[in-house]
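**Q** based on what follows, work out the 3D shape:
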Amino acid sequence: MRKTLHEFVIEQTEDEKAAMLDVKWGMIYNYAKLTNRAPKLSDFVPCDDSDKPITLSERVDKPEHERVEEQNKYQKALNNVIFDGDWEVELDDSDLVRIRHKKEHVRLSFTMGQCYDFRTSFLITRIEDLPKEITFKEGVA
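**A** Take a look at the predicted model:
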(Lines give C-alpha, C1' and ligand atoms only; values in the text may rest on other atoms or scores of the structure.)
Protein backbone atom coordinates (compact mmCIF):
# COMPACT_ATOMS: atom_id res chain seq x y z
CA MET A 1 0.00 0.00 0.00
CA ARG A 2 1.32 3.43 -0.94
CA LYS A 3 1.50 5.88 1.97
CA THR A 4 1.38 9.63 1.77
CA LEU A 5 4.31 11.59 3.11
CA HIS A 6 2.10 12.69 5.98
CA GLU A 7 1.17 9.10 6.91
CA PHE A 8 4.81 8.02 6.72
CA VAL A 9 6.06 10.84 8.94
CA ILE A 10 3.31 10.29 11.51
CA GLU A 11 4.11 6.57 11.57
CA GLN A 12 7.82 7.26 12.04
CA THR A 13 7.12 9.80 14.73
CA GLU A 14 5.50 7.78 17.48
CA ASP A 15 5.79 10.54 20.05
CA GLU A 16 4.94 13.84 18.36
CA LYS A 17 6.21 15.96 21.27
CA ALA A 18 9.55 14.16 21.41
CA ALA A 19 9.92 14.51 17.65
CA MET A 20 9.24 18.24 17.84
CA LEU A 21 12.31 18.59 20.07
CA ASP A 22 14.43 17.38 17.18
CA VAL A 23 14.55 20.31 14.75
CA LYS A 24 14.84 18.18 11.60
CA TRP A 25 11.93 15.93 12.58
CA GLY A 26 9.94 19.02 13.50
CA MET A 27 10.53 20.51 10.06
CA ILE A 28 9.60 17.24 8.35
CA TYR A 29 6.49 16.88 10.49
CA ASN A 30 5.37 20.47 9.77
CA TYR A 31 5.95 19.97 6.04
CA ALA A 32 3.91 16.77 6.09
CA LYS A 33 1.09 18.53 7.95
CA LEU A 34 1.13 21.41 5.47
CA THR A 35 1.08 19.22 2.36
CA ASN A 36 -1.72 17.07 3.77
CA ARG A 37 -4.18 19.94 4.26
CA ALA A 38 -6.61 21.22 1.64
CA PRO A 39 -5.46 24.13 -0.52
CA LYS A 40 -7.23 27.44 0.08
CA LEU A 41 -7.67 30.36 -2.26
CA SER A 42 -5.70 32.53 0.18
CA ASP A 43 -2.68 30.22 -0.36
CA PHE A 44 -2.43 31.62 -3.90
CA VAL A 45 -3.79 35.19 -3.91
CA PRO A 46 -4.36 37.79 -1.18
CA CYS A 47 -7.82 37.32 0.36
CA ASP A 48 -9.89 39.01 3.03
CA ASP A 49 -11.19 37.24 6.15
CA SER A 50 -14.08 35.81 4.09
CA ASP A 51 -11.59 34.20 1.65
CA LYS A 52 -12.52 36.62 -1.12
CA PRO A 53 -9.70 37.94 -3.33
CA ILE A 54 -8.59 41.49 -2.61
CA THR A 55 -6.50 43.99 -4.53
CA LEU A 56 -5.04 47.37 -3.72
CA SER A 57 -7.19 50.23 -4.89
CA GLU A 58 -5.68 52.56 -7.47
CA ARG A 59 -7.78 55.44 -6.21
CA VAL A 60 -5.75 58.37 -4.97
CA ASP A 61 -8.76 60.39 -3.80
CA LYS A 62 -9.13 58.25 -0.66
CA PRO A 63 -8.04 59.78 2.63
CA GLU A 64 -4.53 58.76 3.60
CA HIS A 65 -5.60 56.81 6.70
CA GLU A 66 -7.95 54.68 4.54
CA ARG A 67 -5.16 53.99 2.03
CA VAL A 68 -2.77 53.02 4.83
CA GLU A 69 -5.36 50.72 6.41
CA GLU A 70 -6.06 49.13 3.02
CA GLN A 71 -2.33 48.64 2.39
CA ASN A 72 -1.90 47.01 5.81
CA LYS A 73 -4.81 44.61 5.19
CA TYR A 74 -3.45 43.78 1.75
CA GLN A 75 0.08 43.20 3.11
CA LYS A 76 -1.28 40.92 5.84
CA ALA A 77 -3.22 38.94 3.20
CA LEU A 78 -0.15 38.83 0.95
CA ASN A 79 1.89 37.40 3.84
CA ASN A 80 -0.58 34.48 4.00
CA VAL A 81 0.11 33.52 0.37
CA ILE A 82 2.32 30.42 0.41
CA PHE A 83 2.71 29.65 -3.30
CA ASP A 84 5.18 31.21 -5.67
CA GLY A 85 4.29 32.79 -8.92
CA ASP A 86 2.27 35.37 -10.63
CA TRP A 87 -1.35 34.32 -9.99
CA GLU A 88 -4.23 36.23 -11.46
CA VAL A 89 -7.94 36.09 -10.62
CA GLU A 90 -9.71 35.27 -13.89
CA LEU A 91 -13.22 34.96 -12.56
CA ASP A 92 -14.67 36.13 -9.26
CA ASP A 93 -18.32 35.16 -9.07
CA SER A 94 -20.30 34.79 -5.86
CA ASP A 95 -19.84 30.99 -5.75
CA LEU A 96 -16.82 30.48 -7.98
CA VAL A 97 -13.33 31.94 -8.17
CA ARG A 98 -10.93 30.85 -10.89
CA ILE A 99 -7.25 31.75 -10.80
CA ARG A 100 -4.46 31.16 -13.25
CA HIS A 101 -0.70 31.16 -13.09
CA LYS A 102 0.52 33.52 -15.80
CA LYS A 103 3.67 31.54 -16.66
CA GLU A 104 2.86 27.90 -15.92
CA HIS A 105 -0.57 27.78 -17.60
CA VAL A 106 -2.14 26.23 -14.50
CA ARG A 107 -5.75 27.12 -13.68
CA LEU A 108 -7.53 26.33 -10.43
CA SER A 109 -11.15 26.81 -9.49
CA PHE A 110 -12.41 27.34 -5.95
CA THR A 111 -16.04 26.82 -5.08
CA MET A 112 -17.61 26.34 -1.67
CA GLY A 113 -14.18 25.96 -0.07
CA GLN A 114 -13.00 23.24 -2.45
CA CYS A 115 -10.22 23.40 -5.02
CA TYR A 116 -10.41 21.89 -8.52
CA ASP A 117 -7.88 21.56 -11.32
CA PHE A 118 -9.60 23.52 -14.09
CA ARG A 119 -8.11 21.34 -16.85
CA THR A 120 -9.26 18.01 -15.44
CA SER A 121 -12.09 19.02 -13.04
CA PHE A 122 -10.21 16.89 -10.50
CA LEU A 123 -11.02 17.72 -6.86
CA ILE A 124 -7.78 18.57 -5.06
CA THR A 125 -8.13 17.64 -1.40
CA ARG A 126 -4.48 18.01 -0.37
CA ILE A 127 -1.71 20.45 -1.24
CA GLU A 128 0.35 17.37 -2.05
CA ASP A 129 -2.01 16.68 -5.00
CA LEU A 130 -1.59 20.07 -6.69
CA PRO A 131 0.04 20.11 -10.14
CA LYS A 132 3.83 19.85 -9.80
CA GLU A 133 4.33 23.21 -11.55
CA ILE A 134 3.05 24.92 -8.40
CA THR A 135 5.86 25.63 -5.95
CA PHE A 136 6.10 27.11 -2.48
CA LYS A 137 7.41 30.60 -1.91
CA GLU A 138 10.93 30.82 -0.52
CA GLY A 139 10.94 30.11 3.21
CA VAL A 140 7.53 28.40 3.35
CA ALA A 141 8.65 24.79 3.11
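
**Q** average pLDDT across stretch 67-77?
**A** The average pLDDT within stretch 67-77 is 91.

**Q** so how far is that stretch off the chain centroid?
**A** Its chain's C-alpha centre and that of stretch 67-77 lie 19 Å apart, by Cα atoms, centre = their mean, to the nearest Å.

**Q** over to stretch 43-60?
**A** Taking Cα atoms, centre = their mean, one finds the center of stretch 43-60 at 14 Å from the center of the full chain.

**Q** run through who's touching stretch 41-55.
**A** By Cβ atoms under 8 Å, 6 or more residues apart in numbering, the residues outside stretch 41-55 that reach it are 40, 73-74, 77-78, 80-83, 87, 89, 92, 97, 99, 108, 110, 113, 115, 127. Any C-beta I mention is one placed from the backbone N, CA and C, and that applies to glycine too.

**Q** list the buried residues in the top helix by length along the chain.
**A** Using DSSP state H, we find that the single longest helix of the chain is helix 64-79. Buried residues in helix 64-79, counted by 16 or more other Cβ atoms under 10 Å: E70, Y74, A77.
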